[in-house]
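only the shape, not the letters, is given here:
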């Protein structure tokens, strides 16, 4: 068991390490996809905890109208604060970048251990072979590896929920009160990180009550629920003492309900806001309170979120059939992986497969003092480049190349000439530009137009209007007076001997940018080249197996096989968490990271199908061998 556990851990952690290495260039630019949740809420709350001197109960008076503290449970902020104290400089203002590595290590370790727990769960219910296949599916999953890098509590929530179900299985097989209490505590601990599993405890208690022997059912169910309530009670008491309202964990249900309804209301019948900005702006207008337009949770944060929830419930009560259809569609969309179908308005379900070659692995500072390997002023970019759209415009404005995009969203506009590059080398492209109109993306491409070595927004500035003015109303707004901005784009050349710069429109067309100069610096050989054989094995497996239709089919076959085999103890346990998220979370606005835990159990069902398929193939091959052997003996005779 130790050897098997070590093997699973190495594969799971190794896959996540490779994703971590591939994300290095994105983390240098602090892309929101990786840092957003931590920077927008959890890091400021950790600083507030440090300043007030209290992790849970603020030691300084809290403005009752400011409910920002209630936006999320405090567990992840406490974790960030702990890392501040462990690795930060004494007396210095903590910097999130100091703890990013610690958070990534902790989250990847937690997710690697989760693969081992999946092995234990599947091993309790099925054979060791099924358990090993399930653990490998979890270890190699592109979704789990990708989301373990996101600085949010979502990947950390998975481990306590997995351990909860493991203890429930143990409690059903060997009824002991300690297993049940432990399961309740673990559900509560997951709620310290994220409130999504708050209603999971009653469902788990019901599953325990239905499967343990008579005489213990009520006692075990109540013990599990009580353990959960006791675990989350410090947060509830804090909310009651500080804000004088009974709020079990956090606010936000009102926002997620109305935004979720708005995102599926394609005809706009209900006039609901689609995102946080629209929520605050609409409330400022509705209530005649301009100060409501600045923040979701201040002032009057509690009352406003409760009003949002009531507003959403009014829509649900008036259209129950339509809302049930919405929940059904959301529930089905939760069981999606990588495919080429249109993504819904709420949830992005795809995750990148592991690249075949390592990504940029140096620091941006490594370009300091280096001579440019390639340089091009605006005039050379114009002379040697080419337009990709007949409607796009390109001209030389003084010492700047101006690119005026067409109206097509995400359409290609302009491409530079091909630039020589060394294979397997790290480069940094440096653009000197001025802010323009709209937004445009830069792709560093290769000879294959489908391969992108780096993609980064060049800018995302406001749209020019006729009445746009500068800070003083007397002087017109003039972008040419803005300072030149330096944009650095790190990338690895891979196997390519030349690269090309391609500019695309953003989500809206009509973008305009001005580029003064482009330089490319060679930093050094791309590190981690030894990972190429491993990448060559994992990447194709991810691209071919972790597809929506294939995994959905394997999951459904696993469910049917268990039902036909009358495994009525294993099936409810494995479907408990998926049924909870598909039933409860489908009523609200949903992101894929919120529902990660359910897929670990679905992969066990997929592993069962793969195991049965393998057994059938082996049995068929054995039978074919016997037939051929008998015929050969007959011919010899």
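Structure's in. What do you need? This is a predicted model, so every value here is computed, not measured.

could you pull out the buried residues of stretch 202-218?
203, 204, 205, 206, 207, 208, 209, 211, 212, 216, 217 (16 or more other CB atoms under 10 Å). Every C-beta, even on glycine, is put in place using the N, C-alpha and C of the backbone.

contacts for it?
Under the criterion CB atoms under 8 Å, 6 or more residues apart in numbering, residues 164-165, 168, 171-172, 175, 180, 183-184, 187, 220-222, 224-225, 569, 572-573, 576, 579-580 lie in contact with stretch 202-218.

just to revisit the earlier point, what's the farthest-apart pair in the buried residues of stretch 202-218?
Greatest spacing in the buried residues of stretch 202-218, by CB to CB: 203 and 216 (18.4 Å).

so what's the nearest residue to residue 154 once chain neighbours are set aside up against?
With sequence-adjacent residues excluded and distances taken as CB to CB, 6 or more residues apart in numbering, residue 154 is closest to residue 593, at 4.0 Å. By CB under 8 Å, 6+ apart, the residues touching residue 593 are 147, 150, 152, 154, 155.

can you give the domain ranges for this protein?
Taking automatic domain parsing as the reference, the chain has its domains at 253-334, 364-527.

nearest to residue 550, out of these?
Among the domains of the chain, domain 253-334 sits nearest to residue 550 (CB to CB), with 16.1 Å.

follow-up on the earlier one: can you put the domains of the chain in a markdown table and add distance to residue 234 and mean neighbour count?
What follows is the domains of the chain, written out as a markdown table (distance: least, CB to CB, whole Å; neighbours: other CB atoms under 10 Å):
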| stretch | distance to residue 234 | mean neighbour count |
| --- | --- | --- |
| domain 253-334 | 19 | 16 |
| domain 364-527 | 41 | 17 |
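
got the ones you listed as CSV, with mean pLDDT columns?
Listed next are the domains of the chain as CSV, based on pLDDT from 0 to 100:
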stretch, mean pLDDT
domain 253-334, 88
domain 364-527, 78
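
residue 547: which of these is closest?
Among the domains of the chain, if distance is taken as CB to CB, the winner is domain 253-334, at 15.3 Å.

how long is that closest one from one end to the other?
Distance across domain 253-334, first residue to last, is 19 Å (CA to CA, to the nearest Å).

quick thing: my sequence starts at 54, can you match it?
With the count now opening at 54, the last piece we talked about shows up as domain 306-387.

sorry, back to before: list just the nearest of the buried residues of stretch 255-271 to residue 64.
Nearest to residue 64, judged by CB to CB, of these is residue 257 at 29.4 Å.

and the longest helix along the chain, how far out from the chain middle?
Longest helix in the chain, counting residues (DSSP state H): helix 649-689. On the basis of CA atoms, centre = their mean, to the nearest Å, helix 649-689 sits 36 Å off its chain's mean C-alpha point.

and that helix, what does it pack against?
Contacts defined by 3 or more CB pairs under 8 Å, 6 or more residues apart in numbering; DSSP states H and E place helix 649-689 against helix 149-178, helix 181-193, helix 195-200, helix 207-226, helix 601-617, helix 623-637.

distance of residue 262 from residue 278?
Plainly put, residue 262 is 10 Å away from residue 278 if you go by CB to CB, to the nearest Å.

would you mark the buried spots in stretch 583-595?
584, 588, 591, 592, 595.

need the contact partners of it.
67-68, 71, 74, 193-195, 406-411.

okay, and which of those residues map to helices?
Cross-referencing those against helices under DSSP H gives 67, 68, 71, 74, 193, 195.

pick out the lowest-pLDDT one from those residues.
Here the lowest pLDDT out of these sits on residue 74, with 86.

residues near it, how many?
The number of residues packed near residue 74 is 18, by other CB atoms under 10 Å.

and if you look at residue 226?
Quick note: residue 226 (other CB under 10 Å) scores 13 neighbours.

correct me, but it touches residue 177?
Yes: at 7.3 Å, residue 226 counts as touching residue 177 under the criterion of CB atoms under 8 Å.

just want the most central residue of this structure.
Centroid-nearest residue in the chain, with CA atoms, centre = their mean: residue 200, separated by 4.3 Å.

quick check: closest non-adjacent residue to residue 402.
residue 389 (4.0 Å).

next, that neighbour: phi, psi?
phi -130, psi 150 (degrees, to the nearest 10).

look up how far residue 403 lies from it.
In terms of CB to CB, residue 389 sits 8 Å off from residue 403.

of the two, who's got more company?
More crowded of residue 389 and residue 403, by other CB under 10 Å: residue 389, with 21 against 18.

what's the pLDDT at the more buried one?
91.

distance check, it against residue 609.
In terms of CB to CB, residue 389 sits 14 Å off from residue 609.

residues that sit against both of the two, list them.
Counting by CB under 8 Å, 6+ apart, residue 389 and residue 609 have no contacts in common.

quick check: angle from the helix or strand that residue 274 is a member of to helix 207-226?
Assessed by DSSP states H and E, residue 274 sits inside helix 270-296. Relative orientation of helix 270-296 and helix 207-226, computed by axes from the mean of the first three to the mean of the last three CA atoms, to 10 degrees: 150 degrees.

just checking, what packs against the next helix or strand along the chain from helix 270-296?
Sequence-wise, the next helix or strand downstream of helix 270-296 (DSSP H and E) is helix 306-317. Applying 3+ CB pairs under 8 Å, 6+ apart, one finds that helix 306-317 contacts helix 329-339, helix 354-371, helix 373-387.
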